[in-house]
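Chemist: Sharing a model prediction with you, sequence too.
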Amino acid sequence: MDEPNRSSPIEGSPSRLQSIAKGLCPLCREGQIFSGLFQMNPTCPTCEVVFEREPGYFSGAMYISYAMAVPIVAVVSLLISQVFPAWSYERVVAIAFFALLPLTPVLFRYSRILWIHFDRAIG
Ligand SMILES: [Zn+2]
């Protein structure tokens, strides 16, 4: 039930990087993984592969989300501390975290998209 009708992308389909950027299914590279800003399709609309392979499947995406967020907070903190050198470290990092909030949908989506592609690439 978990496996799709087609196990590899058809000829002429987007590359892995293109399909990640466009949020496409890792197997057929045609169907959209997300149907809304935070809403995922349970299965690929094209090949019907189940995206959430097991309960708790997306806990792995949290590591990817963390790996994407930490460098952003670090760079923003560095920039803020350059502009406001008198500010405390805690204040700078707190503001950097607030600056990260508008990126939450992007981090949420791409952490899951990357996780699905990573999982399907190795498994
Ligand atoms: Zn698919």
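Modeler: Happy to help now that I have it.

Chemist: got the buried residues for the lengthiest helix in the chain?
Modeler: Once the chain is assigned using DSSP state H, the helix that runs over the most residues is helix 59-83. Residues of helix 59-83 classed as buried: Gly60, Ala61, Ile64, Ser65, Met68, Ala69, Val73, Val76, Ser77, Ile80, Ser81 (neighbour count, 16 or more other C-beta atoms under 10 Å). In short, each C-beta sits where N, CA and C put it, glycine included.

Chemist: I'd like to know which of the residues you listed is nearest to Trp115.
Modeler: Ala61 (3.9 Å; C-beta to C-beta).

Chemist: Quickly note the distance from that closest one to the ion.
Modeler: 18 Å (C-beta to the ion, to the nearest Å).

Chemist: Next one, pLDDT for the closest residue in space to that residue that isn't next to it in sequence please.
Modeler: In space, and not counting its chain neighbours, Ala61 is closest to Trp115: 3.9 Å by C-beta to C-beta, 6 or more residues apart in numbering. As predicted, Trp115 sits at a pLDDT of 97.

Chemist: And whichever strand or helix holds Trp115, how far out from the chain middle?
Modeler: Using DSSP states H and E, Trp115 sits within helix 104-122. For helix 104-122, the separation from the chain centroid amounts to 3 Å (computed by C-alpha atoms, centre = their mean, to the nearest Å).

Chemist: quick check: angle from the longest helix of the chain to helix 104-122?
Modeler: 130 degrees (axes from the mean of the first three to the mean of the last three C-alpha atoms, to 10 degrees).

Chemist: and the helix holding Trp115, anywhere near the ion?
Modeler: No: using C-beta under 5 Å from the ion, helix 104-122 never reaches the ion; the gap is at least 10.0 Å.

Chemist: Check which helices and strands that helix is in contact with.
Modeler: For helix 104-122, the packing partners by 3 or more C-beta pairs under 8 Å, 6 or more residues apart in numbering; DSSP states H and E come out as helix 16-22, helix 59-83.

Chemist: Could you check that helix and say which residues are buried?
Modeler: Leu107, Phe108, Arg109, Tyr110, Ser111, Arg112, Ile113, Leu114, Trp115, Ile116, His117, Asp119.

Chemist: so who does the fifth one touch?
Modeler: Meaning Ser111. Contacts for Ser111 (C-beta atoms under 8 Å, 6 or more residues apart in numbering) come out as Ala61, Met62, Ile64, Ser65, Met68.
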